[in-house]
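Undergrad: this is a predicted model, with the sequence first.
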Amino acid sequence: MATSAAAIQVERVAVRNKAARSDSLLPAGIVTTFLSVIVLLPLAAVAARAFTGGSFWSEVFAADALASLRLSLIASLGVAVVNAVAGTLIAWVLVRDDFWGKPFLNALIDLPFALPTIVAGLTLVALYGPHSPVHINVAYTQAAVFLALLFVTLPFVVRSVQPVLMELDREMEEAAASLGAGILQTYARIIFPTILPALISGVALGFARSIGEFGSVVLISGNIPFKTEVAAVHVFGQIESGDIAGAATVSVVLLALSCAVLLALNALQRRGLRHGG
Amino acid sequence: MVAKLALRYTAFAYLAAILALPVGMIFYRSFEHGVFAAWQAVTQPDALHALWLTLLIAGIAVPMNTVFGVLCALLLVRSKMRFARILDVLVDLPFAVSPVVVGLALVLVYGRQGWFGPWLLAHDIRVIFALPGMVLATVFVSLPFVVREVVPVLRETGEDQEQAARTLGASPWQAFWRVTLPSIRWGVTYGVVLTTARALGEFGAVSVVAGHLAGVTQTLTLYVDDRFEAFDLTGAYVASVVLALLAFATLFSMNALARKEA
Amino acid sequence: MTLFARRATVAAALIATSAALALQPRPASADGSVQLNLIAYSTPREAYADLVKAFQATPAGQNVTFSQSFGASGEQSRAVAAGLPADVVAFSLEPDITKLVTAGLVSADWNKDKYHGMVTDSVVVFVVRKGNPKNIRAWADLIKPGVDVITPNPFTSGGARWNIMAAYGAMLKRGSSPNYAIAYLSKLFDHISVQDKSGRDSLQTFTSGKGDVMLAYENEAILAQSNGSDVDFVVPDQTILIENPIAVVTGSQHPQQARAFVDFLRTPQAQAIFAAHGYRPVLKNVPTKVRFPQPHTLFDINYLGGWQAVQTKFFDPQNGQVAQIERALGIAGGH
C-alpha cells in the first residue's frame, strides 16, 4: 500500500511539473503578446513622444500645464479626505445598521462604477448647473470639479472598508465597552487600526482614479484654464490644438503619479501579507 | 441610539446629494416634455446608430478581454515563473491611465503621423477615426476586470481536481474546459459583467480616437456629449437614461451574481 | 459539457456572429445610395440640417445620404489632415482649407471661382444680455473695468480668429496706429475669462450665465435669439466681413455628388435657407425676407493683408502676436 501511495505521489509531481512547464508557454506567449500590443506599446509611444524633442521640462512647467496638474492633485487629495470620512461612515451604516431598503442602497453604491463618466457629469449639471431646480449652480467653479470627483470615487472607500467591517469581531468591542471604554476610544483603538489598511487601499485607488478623471468633469467645470481645467482636460485640449508633445508630457506626469500610488499600495499590501497583517 | 440615527441620516443625506438626486434628475428631465418627446429623441437615427455601435464595440472587446483574462489569471496563479510578478503589476496599469491618455497613446501608434501610420496608410487600413481604434481603446480600459475577478477564485479552487483529471488521462485542454472553467465560472461571469459595464461606458479614450462623425463613429456616450453641445438637452438626457438603465442592469447582475457566489 | 459551458459557448457564438455580420462591408451602391461626409465648423449645424434635406429633394441629391460632423474649425481641419474621412469640408475661414491644400487633400484651385470659394458671409457682433445692462456698444466698451468678455480659443476656433481680427481692424479703422491696436488686443485679452474650444461652446458658456459680452458671428447671435435665450446683439460701428469657405476633398469616393452639393449651396434656394438661419448670402438678390443691418464701417481680411500674412503674424503658435500677448498675460490658449 505504501509503495503504491508513494508511486501515485511521484506521478502527481511529475505530471504537475510537466504541466507547469509546457502548459505555461502557450498561454504565456498569448498573454504577453496581447498585453504588449494593447497596453505597453501605446504607453511606450506616449513616453517616447514626451521625451524626444528635449522640451520635456519646459512643457511641464508651462504655466497652464502646471496649473491643471496642481488642480487635479489638490482636488484629488481633498476628495480623498472626504471619501475617507464619508466612505467609512457609509460602510459603517451599511454593515452595522438595518433599515428598509438597505439592499437597494447597498447596490446603489456601485453605480459610479457602472455609469459612464459623461452621464455622471450630465447628472451633476442637471442638478447643480445653470438650470438647477434647487438653485444651486456650481458650474464653472472649482466646486464643480470637486463634486464630480466625489461622485466617481464614491465606491472605492466604501467597498474596501465594508468587507473588513463585516469580518470585525464584535467581541473585542463588547469587551472594551464592558471595561468602560467610550465610543471614541473603541473606535480609535480597535476599529480604526483594523480598517486602516483597507481604508488606505480605497483612498489610494480613488486617488489614482481621480487625478486622471475626464468625462465627469468636462461638462460642469467649464474647463477654464488656470481655474477649473483639470489635467486630463488640459491634455485633451493639447491634442485638439495639435500640441502633441505638450499632451504627451503632461500625460507622462499623470501616469507617473498614478503608477507611483498604485505601486506604493502594492508594496504596502505585500508587506502586510508577509507580516500576517 | 441617537448616534446610530445620526450616522444613518448623514449617510443618507450624503448619498442623496451626491448620487441619488443627480441620477434621478436625468430621469426627470428626460420625461419632462412628455414620453412622446423622449421616445422621439431615443429613436433618432443617430441615437440608434450610436447604441448599435456601442453594443458592437462591447461585443468585440468583452470576449477578447475574457479570453485574455482567464489565461492571464491562470498564469498569475499557477505559473512558477518569476515573470508572473511583473505581470501582476502590468495588468493593473489600465487602472492608472487616464482615458484621454489612452486615446493619445493610440493616436501616437496608429495615427497618420504615428509609428504605424505610414504603413497603415499604404495598406489603406484605417485605425484611428474608425472602428478598430475605438475597439482598441475599449479593450485597453476594460482589460483588468476579468483577471482580477478570476484570480482569487482560482486561488481558492486550487489545482487538485485538475491534476486528478490529468492523472486520469485528460489532455490539458480537456482538463481546462471540463474542470477548471466550471470551477471559476462565477468569477468569470462577474468579471464579464464589470468589463461590459466599463466597455459600454467608455468616453474619454473614444473621444480622442473617434473623430465625432455623427452616425458613423459616434458611440452612445459620445452622442450624449454631442447632443449637449448642440443645445439638445432632451436628446442628451434621454441617451443618458439609456446608458443609466444599462448601468442599473449591470448593478443588478453584479448583485445577483455576488449572492450566487456567496 | 456543463450547462454553464454550453451557455457560454452559445453566447460567445452569438456575439461573434453578430460582430461578423456587422463588420461585413456594406453593399456599395446596391441601391445606388451614396454617403457624403460633411466636416464643418461648429455653428452651421442647424443650417445644414435644412440644407441637406433641401438638397435631397433635388434630382442631384436623390439617393445621397450625409454624415455630418461639427466642431471647432481649426480642430476639424486638423482632423481631416490627420485622416478623418471627408468628402466636403466647410470651415470658418480660409486658412483651415489652405492647410488641407498643403496636405494634398484639397486641390489648389478650390477658390478659383467667382465666389472665391466662399459659401456664406457674416459679421462679428457683440452678444449682450437682454436690455444690454452694461451698455456695450463700441470696441472701447469691451475694455472698461469689470467687463467680462467671452470669445473662443483662437488656436482651435475659427470664430475666435475672426473676432480678434475684427478688433484689430476696428482699431485701425478708427485711426489708431498698429502699435496701439496691438495694445488694445492685449487689454482685450485681459478681460477674457474663458476661452472655449469653439464658437458654439462659447455660445453655450454665455447662455449659461457667464460673461457680460460675447464676440461672435452674427449668425450665432441670431440663432441664440431664435432659441429663446435672453440675449441681444449689437453690430459695432467697425467690424469685419466674415467669409466662410467650402471645398470638395480630392480623395472623395463620390466627387460628382460632392461637387453637386457644393454647387447646390450657391443656388438662390440654398442661399435663402442660409439667410433664414442668419447667414449673409454670397449670392446677390436672394429671395429672402431677412434684412441684415449694414455696418457703418465694414472691412475684410484683405484690408489687413490677407489670411496668409495674418495667420503668420498673429496666430503662429510660438511667435505670433496672440501667443506673445497670452504669454505676457499668463493665459493659456496654445503654446
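TA: Cool, got the structure.

Undergrad: state the distance from residue B:32 to chain A.
TA: Taking C-beta to the nearest C-beta, to the nearest Å as the measure, residue B:32 and chain A are separated by 10 Å. From N, CA and C alone the C-beta is placed, and that goes for glycine too.

Undergrad: could you find the closest non-adjacent residue to that residue?
TA: The shortest distance from residue B:32 to any non-neighbouring residue, by C-beta to C-beta, 6 or more residues apart in numbering or on different chains, is to residue B:234 (7.7 Å).

Undergrad: same question for residue C:118.
TA: residue C:243 (4.5 Å).

Undergrad: same check on residue A:87?
TA: residue A:157 (2.7 Å).

Undergrad: I'd say the one you found and residue A:91 touch.
TA: Yes. In this structure, residue A:157 is within contact of residue A:91 by C-beta atoms under 8 Å, at 7.3 Å.

Undergrad: ok, now which ones touch whichever residue of the stretch 151-277 of chain A sits closest to chain B?
TA: Closest residue of the stretch 151-277 of chain A to chain B, C-beta to the nearest C-beta: residue A:212 (2.7 Å). Residue A:212 sits next to A:72, A:231, A:232, A:254, A:258, B:96, B:97, B:98, B:99, B:100, B:101 when contact means C-beta atoms under 8 Å, 6 or more residues apart in numbering or on different chains.

Undergrad: among these, name the ones in strands.
TA: Using DSSP state E to define strands, no part of the contacts of residue A:212 is located there.

Undergrad: quick one, which of the residues you listed are buried?
TA: For the contacts of residue A:212, a burial check counting by 16 or more other C-beta atoms under 10 Å in any protein chain shown picks out A:72, A:231, A:232, A:254, A:258, B:96, B:97, B:98, B:99, B:100, B:101.

Undergrad: give me the most central residue, the chain.
TA: Since no chain was named, I'll use chain A. When C-alpha atoms, centre = their mean is applied to chain A, the residue found nearest the centroid is residue A:205 (2.4 Å).

Undergrad: ah, I was thinking of chain B
TA: Most central in chain B under C-alpha atoms, centre = their mean is residue B:198, positioned 2.1 Å from the mean C-alpha point.

Undergrad: I'd like to know how far that residue sits from chain C.
TA: Distance from residue B:198 to chain C, by C-beta to the nearest C-beta: 16 Å.

Undergrad: what's the closest non-adjacent residue to that residue?
TA: Spatial nearest neighbour of residue B:198, chain neighbours left out: residue B:142 (4.1 Å); criterion: C-beta to C-beta, 6+ apart.

Undergrad: local confidence estimate at the one you found?
TA: Per-residue confidence (pLDDT) for residue B:142: 95.

Undergrad: same thing with residue A:190?
TA: 82.

Undergrad: and it, that's in a helix?
TA: Yes. Assessed with DSSP: H, G, I helix; E, B strand; the rest coil, residue A:190 lies in a helix.

Undergrad: so it makes contact with residue A:174?
TA: No. Look at residue A:190 against residue A:174 with C-beta under 8 Å: they stay out of range, at 10.4 Å.

Undergrad: what sits against residue 154?
TA: Picked chain A for this. For residue A:154, the contacting residues are A:83, A:86, A:87, A:109, A:112, B:18, B:19, by C-beta under 8 Å, 6+ apart.

Undergrad: let me rephrase: I mean chain B.
TA: Neighbours of residue B:154 in contact, by C-beta under 8 Å, 6+ apart: B:73, B:74, B:77, B:78, B:180, B:184, B:187.

Undergrad: look up how far residue A:119 lies from the fourth one.
TA: The spacing between residue B:78 and residue A:119, counted by C-beta to C-beta, to the nearest Å, is 39 Å.

Undergrad: what about the helices in the stretch 51-200 of chain B?
TA: Assigned by DSSP state H, counting those that start in this stretch, the stretch 51-200 of chain B shows helices spanning B:83-91, B:93-96, B:99-110, B:117-122, B:131-141, B:144-157, B:160-167, B:172-175, B:181-201.

Undergrad: now the stretch 101-250 of chain A
TA: Along the stretch 101-250 of chain A, counting by DSSP H, counting those that start in this stretch, helices occupy A:102-108, A:111-114, A:117-128, A:142-167, A:170-178, A:183-186, A:192-211, A:215-220, A:231-241, A:244-274.

Undergrad: will you turn those into a markdown table that also has distance to residue B:130?
TA: Conversion of those to a markdown table gives the following (distance: least, C-beta to C-beta, whole Å):
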| stretch | distance to residue B:130 |
| --- | --- |
| helix A:102-108 | 37 |
| helix A:111-114 | 27 |
| helix A:117-128 | 21 |
| helix A:142-167 | 29 |
| helix A:170-178 | 58 |
| helix A:183-186 | 60 |
| helix A:192-211 | 29 |
| helix A:215-220 | 22 |
| helix A:231-241 | 18 |
| helix A:244-274 | 20 |
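
Undergrad: among the ones you listed, which gets the worst mean confidence?
TA: Taking the mean pLDDT of the helices of the stretch 101-250 of chain A, helix A:183-186 comes last: a mean of 76.

Undergrad: out of the contacts of residue A:212, flag the one nearest to chain C.
TA: Chain C lies nearest to residue A:231 out of the contacts of residue A:212, by C-beta to the nearest C-beta, at 12.9 Å.

Undergrad: residues contacting the residue nearest to the closest one when sequence neighbours are not counted?
TA: Spatially, and ignoring its direct neighbours in sequence, residue A:231 is nearest to residue A:72 (4.1 Å; C-beta to C-beta, 6+ apart). The contact partners of residue A:72, taken as C-beta under 8 Å, 6+ apart, are A:210, A:211, A:212, A:213, A:230, A:231, A:232, A:254.

Undergrad: my guess is the first one meets residue A:78, correct?
TA: No. Look at residue A:210 against residue A:78 with C-beta under 8 Å: they stay out of range, at 9.7 Å.

Undergrad: so the two - more neighbours on which side?
TA: residue A:210 (29 against 16; other C-beta atoms under 10 Å in any protein chain shown).

Undergrad: tell me who's in contact with the more buried one.
TA: A:72, A:75, A:76, A:79, A:80, A:149, A:152, A:153.

Undergrad: how does it look with 6 Å?
TA: A:76, A:79, A:149, A:153 (C-beta atoms under 6 Å, 6 or more residues apart in numbering or on different chains).

Undergrad: of the residues you listed, closest to residue C:230?
TA: Checking those against residue C:230 with C-beta to C-beta, the nearest one is residue A:149 at 32.3 Å.

Undergrad: roughly how far apart are the closest one and residue A:211?
TA: To residue A:211, residue A:149 is 9 Å away according to C-beta to C-beta.

Undergrad: quick check: which of the helices of the stretch 51-200 of chain B is buried the most?
TA: helix B:99-110 (a mean of 28; mean count of other C-beta atoms under 10 Å in any protein chain shown).

Undergrad: re earlier: hmm, which of the contacts of residue A:210 are the buried ones?
TA: Using 16+ other C-beta under 10 Å as the burial test, the contacts of residue A:210 include A:76, A:79, A:149, A:153 as buried.

Undergrad: for the residues you listed, give me a markdown table that also has distance to chain C.
TA: As requested, the buried ones among the contacts of residue A:210 are exported to a markdown table (distance: C-beta to the nearest C-beta, whole Å):
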| residue | distance to chain C |
| --- | --- |
| A:76 | 21 |
| A:79 | 24 |
| A:149 | 21 |
| A:153 | 26 |
